[in-house]
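Chemist: Fold the following and give me the result.
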Amino acid sequence: MPREFSRSQRIADQMHKELANVLQQEMKDPRLGFMTVNKVDLGTDISCAKVYVTFLGVSDPQAIKEAVTLLKRAAGFLRSRLSSRMRMRTVPQLYFRHDESLARADRIARLVQQAVVEDATVGAHAGEETS
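Modeler: Numbering: from 1, shown residues only. Just a heads-up that it's a prediction; the model follows:
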């Protein structure tokens, strides 16, 4: 029976859990604020990992850029912590990216809500004209 997940997917899932724990428990920099690890994508050769993070409550692009830069600088520390927590010969290089999917989803939801309100307003005005 074939496995449901590939090796790289299992490693990415484990890295996701371990990185979230390390960032929550061992990174004490207040510039990071409240941050979540949304996803870890591993390359097929498992030599590099893209880590997608979201900073909750932060909408300033400059603050987000600074926080991602801070994570990039801490990549060596984070790799060393991962190596002690995971059973791997080599831990992949970590590349941090800001995950904009939550902000995009929020923007789309606001646009849909705005369209519904405008449609209701136009419908109400059309009903007045025919009466």
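
Chemist: alpha carbons only for contacts and neighbour counts from here, please
Modeler: Will do.

Chemist: mind checking the SS state of T36?
Modeler: Secondary structure assignment for T36 (DSSP: H, G, I helix; E, B strand; the rest coil): strand.

Chemist: now do the one 3 residues further on
Modeler: Remark: K39 carries the secondary structure label strand [criterion: three-state DSSP].

Chemist: How many residues are close by V37?
Modeler: 19 (other CA atoms under 10 Å).

Chemist: I figured it was touching M15, is that so?
Modeler: No: assessed by CA atoms under 8 Å, V37 is found out of contact with M15, at 10.1 Å.

Chemist: Report the distance from the top helix by length along the chain to the chain centre.
Modeler: Secondary structure of the chain read by DSSP state H shows that its longest helix is helix 101-130. Computed by CA atoms, centre = their mean, to the nearest Å, the chain-centroid distance of helix 101-130 equals 29 Å.

Chemist: Any regions of this structure where pLDDT drops low?
Modeler: Counting by pLDDT under 70, the chain has low-confidence residues at 1-5, 123-131.

Chemist: Let's see that with 90 instead.
Modeler: Filtered on pLDDT under 90, the chain yields the residue ranges 1-10, 24-36, 43-46, 55-61, 63-64, 84-90, 99-107, 109-111, 114-131.
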